[in-house]
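Chemist: Take this sequence and fold it.
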Amino acid sequence: MSETIRSAQKGDRAALEELVRQHYALVCRFCIRRLGPDLGQDATQETFLTMQKSIGRYAERSSFSTWLLGIAHNHVRAAARKQKLDPAPIQEWVEMRQTDHGQSVIDNEVLSCALKQLSPEHREVVLMHEIEGLKYREIADVLGVPEGTVKSRLHHAFQGLRQTLDGALQ
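Modeler: Next up is the predicted model:
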């Protein structure tokens, strides 16, 4: 465990502020991609408030950033439920792709339709794996599910995307 985390667990405000500085961009990106700018900022703030209250319970079962993303994930899901939003919006993924030709726009529309056909659980793991760059173990820790469940969801998500995209491109 890092000295900064240990100090924060003992109530050192400077250490807490350092942890916020180190992880703010990651958590903010994670929340905004799922909820949009306004609600994402709110979820980010809630995440760091929860971190401050519960840092004493951090036990290194995962990396600190994964633990923090787990907290963020819970706040995102709560905000999405409250606002009746999809916590894994498709448009955000599609817009992240490079669009430099007219063909890309068509491809984005096809991809958007294919993603809409996935369940929220499958879209969520695709987002975490492909956009956030999280590894299976990290996704499992964030979602609080076994690593095998993550692998299965990704497998079925990619299988569904392949089928949909193959059908759309024929």
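
Chemist: how many other residues sit next to residue 11?
Modeler: Applying other Cβ atoms under 10 Å, we find 11 residues neighbouring residue 11. For the C-beta atoms, the positions are set from N, CA and C on the backbone; glycine is no exception.

Chemist: oh, I was asking about residue 130
Modeler: 14.

Chemist: gap between it and residue 55?
Modeler: 30 Å (Cβ to Cβ, to the nearest Å).

Chemist: what's the answer for residue 117, then?
Modeler: 40 Å.

Chemist: who has more neighbours, those two?
Modeler: Per other Cβ under 10 Å, whichever of residue 117 and residue 55 has more neighbours is residue 55, with 19 against 13.

Chemist: Output the contacting helices and strands for the host helix or strand of residue 123.
Modeler: Using DSSP states H and E, the element containing residue 123 is helix 120-126. In terms of contacts (3 or more Cβ pairs under 8 Å, 6 or more residues apart in numbering; DSSP states H and E), helix 120-126 is packed against helix 136-143, helix 147-169.

Chemist: swap the cut-off to 10 Å and go again
Modeler: helix 64-83, helix 90-96, helix 102-116, helix 136-143, helix 147-169 (3 or more Cβ pairs under 10 Å, 6 or more residues apart in numbering; DSSP states H and E).

Chemist: Just the buried positions in that helix, please.
Modeler: 122, 123, 124, 125, 126 (16 or more other Cβ atoms under 10 Å).

Chemist: Spit out the contact partners of residue 70.
Modeler: By Cβ atoms under 10 Å, 6 or more residues apart in numbering, the residues touching residue 70 are 47, 62, 138, 141, 142, 143, 144.

Chemist: try residue 166
Modeler: By Cβ under 10 Å, 6+ apart, the neighbours of residue 166 are residue 114.

Chemist: any idea how far residue 118 is from it?
Modeler: Taken as Cβ to Cβ, the span from residue 166 to residue 118 is 15 Å.

Chemist: One more: residue 157?
Modeler: For residue 157, the distance to residue 118 (Cβ to Cβ) stands at 6 Å.

Chemist: For these two, list the residues in contact with both.
Modeler: Common neighbours of residue 157 and residue 118 (Cβ under 10 Å, 6+ apart) are 124, 125, 126.

Chemist: so can I have JSON lines of those showing pLDDT and distance to residue 12?
Modeler: Shown next, in JSON lines, are the shared contacts of residue 157 and residue 118 (pLDDT from 0 to 100; distance: Cβ to Cβ, whole Å):
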{"residue": "124", "pLDDT": "88", "distance to residue 12": "35"}
{"residue": "125", "pLDDT": "92", "distance to residue 12": "36"}
{"residue": "126", "pLDDT": "90", "distance to residue 12": "38"}
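
Chemist: pLDDT on stretch 67-81, on average?
Modeler: The pLDDT scores in stretch 67-81 average 93.
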